[in-house]
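Chemist: return a 3D structure for these sequence lines:
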Amino acid sequence: MPRLECDNEYYDQSEFLQQIQLLSPLHKLVVTHAPLDLIRYAYNKDPEALNADIIYDACRFNTNPEILDFLLELAGPDSLSLEEIASSMHEIIDDYIDVIFDRTGMTELFERLRPLAKRFPRAFVYAEAPEKLSPLASALQMDMRGEYKFELIRDIPSTTEVLNFGDYITFHDAYKEDIVPREVVDTTDALVSRLNKMTDLQSLKLKICYQDEKLIDPVCNLIASGKLKSLVVSAAPENADEDPLSFFSPIFNSIKGSALREFGLLGLQDSNLANSHQDLILEILKSNFTLRQAHISALPAYEDCSNRSKKQRAIDYYTTLNRYGRSRVRNPESQLIEIVDNLAQAAQQSEPEHPTWTSAVPVIYGLLREAPGKWSVSAAAKQIARPRRSPRLKRKASHSLNRNLWVE
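Modeler: A predicted model of the protein is given here:
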């Protein structure tokens, strides 16, 4: 049976009525909030009617949690994928786009989301791709007054592996201080508490205002743990009351010997400030061989290759070397054949997909420069081990030997 496409609040719409006629009795009872006893009776009459579409609509139309648990127990925990459950949450949020400034509408939205977030915590923080928002992030963006941020953040599961708050969600907004100052502070504290407990977090994207200095330490701790592989921070320099360079320096210090593979610091106040932070990351890349992508910019997103500054291109160059085995090339225990494998991988790059400064030729040259003694000394050693003598010298030695033999 098809899934319904009408909004939950408008059961009297003709489109909804037309669609509901196509549903099985069990499906109809679920989406119209029938009592659990009646739904159980309909299921016993036709067990085959229960399918993933009914589970999806039960989430989408905010069915009673007891009924949802009953259906999930029958259908199995894997009846819906994370993507499908997250999609149902996004659809609920989309229903309220037009009432984003209506306090009553927002209250209703979060009352609908809360039971689903608690029942499916992994789906609530699930995003289809790094650039996509999770239902959690979408809900936080909808909460313009910051009244529900504390509860939403508090319920984030500690086992979360990917957490993407997007580029615009702030946890301390100056303009809110006269409205809900206590809730603003609690929101930042709640996020600090959750981050400190997320021992499995591998990817984090968030915006840090200069009033949110409490977030710096837990972010540094996540980097130091070795589990975090990707960190993208959006800055909010317009509210800065101190030196922005020193504000983020603890994060840079944590990156030096870390296992972090991607780092982004975006939205800095101006190009001069971006240049200063680029100098910091370039210094780190002298001894860091794990960072495979790093981008620092005054823009709120990664810049196109053609618009990148000279320093950002240098960062791209060194991170590309890391991606193609710079650590192995520098390792004293590495064999020459292993280095050749890295060079071969770099040579297979497709030129059109890479800007000039990270294409095959400069990358191969850069890898060779990392440890010239490895390949040059080895080649020289082979020559010394097997010296070649000229044919003429061999003949002279032979004639001399023959002469001596005849004399005897």
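Chemist: doesn't residue 363 make contact with residue 349?
Modeler: Yes: checked against Cβ atoms under 8 Å, the pair residue 349 and residue 363 is within contact range at 7.2 Å. Placement of C-beta: from N, CA and C, glycine included.
Chemist: out of these two, which sits in the busier spot?
Modeler: residue 363 (24 against 17; other Cβ atoms under 10 Å).
Chemist: who's in contact with the more buried one?
Modeler: By Cβ atoms under 8 Å, 6 or more residues apart in numbering, the contact list for residue 363 reads 317, 320-321, 324, 346, 349.
Chemist: any chance of JSON lines for the residues you listed, columns distance to residue 337 and secondary structure?
Modeler: Output for the contacts of residue 363, formatted as JSON lines (distance: Cβ to Cβ, whole Å; DSSP: H, G, I helix; E, B strand; the rest coil):
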{"residue": "317", "distance to residue 337": "25", "secondary structure": "helix"}
{"residue": "320", "distance to residue 337": "22", "secondary structure": "helix"}
{"residue": "321", "distance to residue 337": "19", "secondary structure": "helix"}
{"residue": "324", "distance to residue 337": "16", "secondary structure": "coil"}
{"residue": "346", "distance to residue 337": "15", "secondary structure": "helix"}
{"residue": "349", "distance to residue 337": "20", "secondary structure": "coil"}
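Chemist: which of the residues you listed sits closest to residue 290?
Modeler: residue 321 (11.7 Å; Cβ to Cβ).
Chemist: count of neighbours near the closest one?
Modeler: Residue 321, neighbours per other Cβ under 10 Å, totals 25.
Chemist: quick one: residues contacting it.
Modeler: Residue 321 touches 363, 366-367, 370, counting by Cβ under 8 Å, 6+ apart.
Chemist: how about those residues in TSV, adding distance to residue 43 and pLDDT?
Modeler: What follows is the contacts of residue 321, written out as TSV (distance: Cβ to Cβ, whole Å; pLDDT from 0 to 100):
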residue	distance to residue 43	pLDDT
363	61	87
366	65	86
367	64	87
370	66	86
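Chemist: can you tell me which of these are buried?
Modeler: The neighbour count (16 or more other Cβ atoms under 10 Å) marks 363, 366-367, 370 as buried among the contacts of residue 321.
Chemist: now secondary structure too, for those residues, in CSV please.
Modeler: Below are those laid out as CSV (DSSP: H, G, I helix; E, B strand; the rest coil):
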residue, secondary structure
363, helix
366, helix
367, helix
370, helix
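Chemist: out of these, flag the one nearest to residue 69.
Modeler: Looking across those and measuring by Cβ to Cβ, the closest to residue 69 is residue 363, at 54.8 Å.
Chemist: just give the closest residue to that closest one, not the sequence neighbours.
Modeler: In space, and not counting its chain neighbours, residue 363 is closest to residue 346: 4.6 Å by Cβ to Cβ, 6 or more residues apart in numbering.
Chemist: my read: that neighbour touches residue 364, true?
Modeler: Yes: proximity of residue 346 to residue 364 meets the contact threshold set by Cβ under 8 Å, at 5.1 Å.
Chemist: between these two, who's got more neighbours?
Modeler: Set side by side, residue 346 and residue 364 show more neighbours around residue 346, with 23 against 19, by other Cβ under 10 Å.
Chemist: contacts only, for the more buried one.
Modeler: Contacts of residue 346 by Cβ under 8 Å, 6+ apart are 324, 360, 363-364, 367.
Chemist: show me the strands in this protein, by range?
Modeler: 162-164, 203-209, 230-236, 262-266, 293-296 (DSSP state E).
Chemist: out of those strands, nearest to residue 92?
Modeler: Residue 92 sits nearest to strand 162-164 of all those, at 19.0 Å, using Cβ to Cβ.
Chemist: the closest one pairs with which strands?
Modeler: strand 203-209 (parallel) (DSSP bridges).
Chemist: can you check the pLDDT for residue 164?
Modeler: At residue 164, the model reports a pLDDT of 88.
Chemist: should've said residue 382
Modeler: Note on residue 382: pLDDT of 52.
Chemist: helix or strand with the lowest mean pLDDT in this structure?
Modeler: helix 391-407 (a mean of 41; mean pLDDT, DSSP states H and E).
Chemist: what's the closest of the strands of the chain to residue 307?
Modeler: Residue 307 lies closest to strand 293-296 among those, at 12.0 Å (Cβ to Cβ).
Chemist: show me where the chain dips below the pLDDT cut-off.
Modeler: Filtered on pLDDT under 70, the chain yields the residue ranges 1-17, 62-63, 77, 130, 168, 172-186, 236-244, 306, 350-355, 377-408.
Chemist: try it again at 50.
Modeler: Low-confidence segments of the chain (pLDDT under 50): 1, 7-12, 174-184, 239-240, 379-380, 383-384, 393-408.
Chemist: how near is the spatially closest residue to residue 40 that is not a sequence neighbour to residue 37?
Modeler: Nearest non-adjacent residue to residue 40, counting by Cβ to Cβ, 6+ apart: residue 70, 7.0 Å away. Here the criterion is Cβ to Cβ, to the nearest Å. By it, residue 70 lies 11 Å from residue 37.
Chemist: ok, the two, which is more surrounded?
Modeler: A count of neighbours by other Cβ under 10 Å puts residue 70 above the other of residue 70 and residue 37, at 18 against 8.
Chemist: tell me which residues touch that one, please.
Modeler: Here residue 70 is in contact with 36, 39-40 (Cβ under 8 Å, 6+ apart).
Chemist: among those residues, name the buried ones.
Modeler: The buried subset of the contacts of residue 70 - by 16+ other Cβ under 10 Å - is residue 39.
Chemist: residue 42 touches residue 32, doesn't it?
Modeler: No: the criterion here is Cβ under 8 Å, and residue 42 misses it with residue 32 at 11.5 Å.
Chemist: neighbour-wise, which of these two wins?
Modeler: residue 42 (20 against 12).
Chemist: for that one, give me its contacts.
Modeler: 25-26, 29, 49.
Chemist: having no further points to raise, I will conclude here.
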